[in-house]
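Asker: The sequence isn't on hand, but the structure is:
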Ligand SMILES: Nc1ncnc2c1ncn2[C@@H]1O[C@H](COP(=O)(O)OP(=O)(O)O)[C@@H](O)[C@H]1O
Ligand SMILES: [Mg+2]
C-alpha cells in the first residue's frame, strides 16, 4: 500500500518528477561513461605494461622476490603449467629465466637484463615480433641468437649481425659467459626495457647459465584485469604454497598502482561534483513534495497514520524518482559501452603517435566491469536515502492542526 | 443509562501565551453520551475548531483534560494518540479530506489497511460503507472526479470505517450547497440512529443546526448555552 501510494504520489507532478529523474539519468550516464572510459584506459595501459614485464600474476620459487638470484630458481614443472592452464581465467603463461649480466661490444660495456623467453608464447601475448625494427625475431631454438632493445643497441653502438658478449653469474656460483649473434632489434615503449633488455630463447639462456630446465618465473596473463585478486587466491590454494609464491603486478609494480590510484582521485572529485549538483535538484523536489502536501499529510496523521509511515512514503518516493533515473541511466550506459565495444575508438593523429611511441595500442576500450554499474546505483540509492532525511524530519515535526490549516 | 463518551473537563486553550495571548477556549465543560447527535455552534472565531481539535487529540489543551471513552487522551504520547485516533475517532474536515491520488474505495480502505484488516474483509466493508453514503456507483472515482458533496460523503464513509465510537466533523457542510448539505446531514443522522455512532459537528449554518438533537453554543471560547432539541 505504501509502495503504491508513493508511486502514485511521484506522478502527481509529472513534469517535476521527469525533470528530477532526468537529471539523475544524465548524472549516472555521464558517471558510467567517464568511469568506463578511464577504467578502460587504465586496463589497456596495465595490459600493455604487464604483457612485456611481469604478467598480471607471476609465480616464483618462494623467496625469489626478496632475493632475485639465479639460485632461487625452480625446475620447470609441467604439473604447475597444467594447473594454471586448467583455470578458465588464465589465457597464457610465459615461463622465463630472468637474469642480469654485463654486455659488451667492442669498447662498450653495460649492465643488461637477460630475458630467457619462449619466443612463441611471448609473441602471442605481446606481439614482440611486430616490434622488430631491424633484423629478425628469435626462434625457439638454440642458435646463439639474441634480440636487443633498440636503445641498448644504440648505446653499445652495435648493429644486427654483430656479436655481443654476455658475462654473468650462473647457477650455483658457476660463471656464465658466451658470445651471441644479434639477430634483431626491438623498439619497446617502456624506455627502461628498451635501453636494457636482451631477449634470448629460454633453453639457450638456461644453457648459458648452467641452469638447465630452471626458471625464475612463470608469468600469467588473465582474461580480465578485474579477475586479478580472485585468481591469485585460487592459485594460492591450488598450487604448492610451500614451494611457490604468487605475486600480482600491483605487488611487483607498486608505483604503477599508486599512479592509477592518485589519478583516480581526480576522477572521483569530478563525479562527486556531478552528484552534488543533482542532489540539489532531488532535495528541492522532495521539499516541494512535503510543502505542497502539508494539508493532506495533516489529514493522514489525524486519521491515524503514524508519522514514521509517512516519512517512509516520502523516502520511497525519493528512492523511486532516483532509481527511475538511475536504471534508465545504467541501461543507456550499458548500450553506450556495448556500442563502443563493438566499434572501438581508434585514435588518430598526434595522440595515436604518442600511444604508439609508448608501445600501447592506439585504441580506446571502454571497461564494462559490473562494478561500475553497481557502484553508481549504490551511490544514487544512498543519496536518495540521505536526501530524504530532512523532509522526513519535517514530517516527524508536523503538527496535524497546523498542517491541515495550511 | 447511556455511557459518557466524551468528557471535556475544564478545558482551556490559549494561543501565543507569551506574546499576544488569544484565549480561544476558556474553562469548557462538555459531557457527551454515547449515541448523541450534537451540533457545536457559534460565530466564526468563537473556538469551535479549537475545541473539536482538542477533543480529537489533534491539539493539546493549555489546561484541563479530555477523556474519550474512559481514556484520558491528554496524557497519551504522540504515537499512542495517533493509534487511539485510528481506532476510536473518525474525522471529517471542512474540505479536501481525501488523498487525491486514491479512488473513493482506496481512500475508505486506507484506514482499514492501517489497521491491517485482511483484504477480503476490507473490500466488503468498504463497499458496505460506500453504499451507506449512497456512492456505490462511484467506488472507482478519484476525488477530483467527485462533487464537493460526494467527497464529503466519502470522508464520512472513511470516518466510519474503523467503527469509531465518535465522529468529529468540523464544518463538514461549509463548502456545500444547501441540497448537498442536507443530504450529508441526513446520512449522518441515519448512521447515528442505525449504528449508534456519536456525532459531534460544528457549524454555523441554521439549516444544519436544525437537524441536531443537542446544540452547544460557544461564544468567545465559553459555553453560552447547551440545549436539547427535537430535530426537524
Ligand atoms: N494557531 C492559532 N494561533 C493563534 N490564534 C489562533 C490559532 N488558531 C485559532 N486561533 C484563534 O482562536 C480563536 C478561535 O478560533 P477557532 O477555534 O478557529 O474558531 P471557529 O472555529 O469557531 O471559527 C480565534 O480568535 C482564532 O483567531
Ligand atoms: Mg473553525
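Answerer: Happy to help now that I have it. Note that the structure is a prediction, hence the values are computed from the model and not measured. Ligands and ions are numbered 1, 2, ... in the order given.
Asker: Every contact and neighbour count from this point should use C-alpha atoms.
Answerer: Fine.
Asker: Can you list the neighbours in contact with the lowest-mean-pLDDT helix or strand in chain B?
Answerer: Sorting the helices and strands of chain B by mean pLDDT, DSSP states H and E puts helix B:206-209 at the bottom, at a mean of 90. By C-alpha atoms under 8 Å, 6 or more residues apart in numbering or on different chains, the residues outside helix B:206-209 that reach it are B:39, B:41, B:181-182, B:185, B:203, B:215.
Asker: where are the low-confidence patches of the stretch 301-406 of chain A?
Answerer: Along the stretch 301-406 of chain A, segments meeting pLDDT under 70 span A:356-360.
Asker: where along it do the strands fall?
Answerer: Ranges of strands within the stretch 301-406 of chain A are A:345-346, A:363-364, based on DSSP state E, counting those that start in this stretch.
Asker: Checking my notes, residue B:81 in a helix, right?
Answerer: Yes - Residue B:81 forms part of a helix when assessed by DSSP: H, G, I helix; E, B strand; the rest coil.
Asker: That one touches residue B:55, doesn't it?
Answerer: No - in this structure, residue B:81 is not within contact of residue B:55 by C-alpha atoms under 8 Å, at 11.7 Å.
Asker: other SSEs contacting the helix or strand that residue A:116 is a member of?
Answerer: Under the criterion of DSSP states H and E, residue A:116 resides in strand A:108-117. Strand A:108-117 sits against strand A:90-105, helix A:150-156, helix A:191-196, strand A:197-201, helix A:202-208, with contacts defined as 3 or more C-alpha pairs under 8 Å, 6 or more residues apart in numbering or on different chains; DSSP states H and E.
Asker: Comparing the ones you listed by mean pLDDT, which bottoms out?
Answerer: If you rank the helices and strands packed on strand A:108-117 by mean pLDDT, helix A:191-196 sits at the bottom with a mean of 89.
Asker: Buried residues in that one, which are they?
Answerer: By 16 or more other C-alpha atoms under 10 Å in any protein chain shown, the buried positions in helix A:191-196 come out as A:191, A:193-196.
Asker: Tell me which residues touch the residue of the stretch 101-250 of chain A found nearest ligand 1, please.
Answerer: Going by C-alpha to the nearest ligand atom, ligand 1 is nearest to residue A:226 of the stretch 101-250 of chain A, at 62.4 Å. Residues near residue A:226 by C-alpha under 8 Å, 6+ apart: residue A:369.
Asker: Quick one, grab the pLDDT at residue B:1.
Answerer: pLDDT at residue B:1 comes out at 57.
Asker: Next, work out how far apart whatever residue of the stretch 251-400 of chain A ends up closest to chain B and residue A:242 are.
Answerer: Closest to chain B within the stretch 251-400 of chain A is residue A:304: 4.0 Å, counting by C-alpha to the nearest C-alpha. Residue A:304 sits 69 Å away from residue A:242, taking C-alpha to C-alpha, to the nearest Å as the criterion.
Asker: Same check on residue A:48?
Answerer: Applying C-alpha to C-alpha, the value for residue A:48 to residue A:242 is 31 Å.
Asker: neighbour count winner among the two?
Answerer: Set side by side, residue A:48 and residue A:242 show more neighbours around residue A:48, with 20 against 9, by other C-alpha atoms under 10 Å in any protein chain shown.
Asker: for the helix or strand that contains the more buried one, which positions count as buried?
Answerer: Under the criterion of DSSP H and E, residue A:48 resides in helix A:14-52. Residues of helix A:14-52 classed as buried by neighbour count (16+ other C-alpha under 10 Å): A:16-52.
Asker: Which elements pack onto that helix?
Answerer: For helix A:14-52, the helices and strands in contact under the criterion 3+ C-alpha pairs under 8 Å, 6+ apart are helix A:119-126, helix A:254-292, helix A:307-342, strand A:363-364, helix A:370-387.
Asker: would TSV of the ones you listed with mean neighbour count and distance to chain B be doable?
Answerer: As requested, these are exported to TSV (neighbours: other C-alpha atoms under 10 Å in any protein chain shown; distance: least, C-alpha to the nearest C-alpha, whole Å):
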stretch	mean neighbour count	distance to chain B
helix A:119-126	17	63
helix A:254-292	15	13
helix A:307-342	20	8
strand A:363-364	16	50
helix A:370-387	17	23
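Asker: Turn those into CSV, including distance to residue A:73.
Answerer: Below are the helices and strands packed on helix A:14-52 laid out as CSV (distance: least, C-alpha to C-alpha, whole Å):
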stretch, distance to residue A:73
helix A:119-126, 20
helix A:254-292, 23
helix A:307-342, 41
strand A:363-364, 38
helix A:370-387, 38
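Asker: Looking at those, which is nearest to residue A:151?
Answerer: Of all the helices and strands packed on helix A:14-52, helix A:119-126 sits nearest to residue A:151, with 18.7 Å by C-alpha to C-alpha.
Asker: The closest one to strand A:197-201, inter-axis angle?
Answerer: 130 degrees (axes from the mean of the first three to the mean of the last three C-alpha atoms, to 10 degrees).
Asker: partner strands of the helix or strand just after helix A:119-126, parallel or antiparallel?
Answerer: Once the chain leaves helix A:119-126, the next helix or strand it forms, by DSSP H and E, is strand A:132-135. Here strand A:132-135 has these sheet partners by DSSP bridges: strand A:175-186 (antiparallel).
Asker: Which positions in the helix ranked longest in chain B come out as buried?
Answerer: Longest helix in chain B, counting residues (DSSP state H): helix B:178-195. Neighbour-count burial for helix B:178-195, counted by 16+ other C-alpha under 10 Å, picks out B:180-185, B:187-189, B:191-192.
Asker: Excluding chain neighbours, what is closest to the residue most central in space within chain A?
Answerer: Taking C-alpha atoms, centre = their mean, the centroid of chain A lies closest to residue A:43, which sits 3.9 Å from it. What sits nearest to residue A:43 in space, not counting adjacent residues and going by C-alpha to C-alpha, 6 or more residues apart in numbering or on different chains, is residue A:225, at 6.5 Å.
Asker: beta partners for residue B:169?
Answerer: With DSSP bridges as the rule, residue B:169 is bridged to residue B:92, residue B:201.
Asker: Just the local confidence number for it, please.
Answerer: At residue B:169, the model reports a pLDDT of 96.
Asker: Go ahead and confirm residue B:5 touches residue B:68.
Answerer: Yes - counting by C-alpha under 8 Å, residue B:5 touches residue B:68, with 5.5 Å between them.
Asker: give the contact list for residue B:4.
Answerer: By C-alpha under 8 Å, 6+ apart, residue B:4 lies in contact with B:31-34, B:69.
Asker: Around chain A, which positions in chain B sit nearby?
Answerer: B:53, B:58-59, B:79, B:82-87, B:89-91, B:96-99, B:101-102, B:111, B:113-114, B:159 (C-alpha under 8 Å from any C-alpha of the partner chain).
Asker: Just these: which are in helices?
Answerer: Using DSSP H, the members of those that fall within helices are B:53, B:79, B:82-87, B:111, B:113-114, B:159.
Asker: Which pair of those residues spans the longest distance?
Answerer: The span of these, defined through C-alpha to C-alpha, is set by B:53 and B:113 at 24.2 Å.
Asker: of those two, who's got more company?
Answerer: Taking other C-alpha under 10 Å, residue B:53 and residue B:113 do not tie; residue B:53 has more neighbours (21 against 15).
Asker: how about that one, what does it touch?
Answerer: Residue B:53 neighbours (C-alpha under 8 Å, 6+ apart): A:401, B:59.
Asker: wait, what's in contact with whichever residue of chain B sits closest to chain A?
Answerer: Going by C-alpha to the nearest C-alpha, chain A is nearest to residue B:86 of chain B, at 4.0 Å. Counting by C-alpha under 8 Å, 6+ apart, residue B:86 touches A:303-305, B:111, B:115, B:162.
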